[in-house]
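# Model the following, please.
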Amino acid sequence: MIKAGWQCHSSQWKNIDVIEFDKIVSGCSIIWEYTDSLFKKAYDGGLISGDNPLDETPEIMYYPVLNLGGRRIKTGTR
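The predicted structure follows:
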């Protein structure tokens, strides 16, 4: 990203942008790890079944909220 940024932007702008992007990615990773740990606890506790990964509401919402949402957040910060 830095090499591409040199083509159009000053180094000051690029460096600030990269730092902010790293913060956003880190935040998304924290959310993903926390949610993933909740899913593991739910599976281990028998609250949701692991037989079919997309047959219960929490599993169905897991993908669009975290995967697509996280991707949109990261893309929107660029």
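# do you know how far Ile60 is from Tyr43?
Distance of Ile60 to Tyr43, given as CB to CB, to the nearest Å: 15 Å. Heads up, the C-betas are built off the backbone N, CA and C, glycines and all.
# again, but for Val65
With CB to CB as the criterion, Val65 and Tyr43 are 18 Å apart.
# quick one: what helix or strand has the nearest residue to Lys41 once chain neighbours are set aside in it?
Distances taken as CB to CB, 6 or more residues apart in numbering put Leu47 closest to Lys41, at 8.0 Å, once the chain neighbours are dropped. Element membership for Leu47, per DSSP states H and E: none, as it lies in no helix or strand.
# quick one: Leu47 and Asn67, what's the gap?
Computed as CB to CB, the Leu47 to Asn67 distance reads 21 Å.
# same deal with Glu33?
With distances taken as CB to CB, Glu33 is found 14 Å from Asn67.
# Mind pulling the model confidence for Ser37?
At Ser37, the pLDDT value in this model is 90.
# That one: what's it in contact with?
Residues near Ser37 by CB atoms under 8 Å, 6 or more residues apart in numbering: none.
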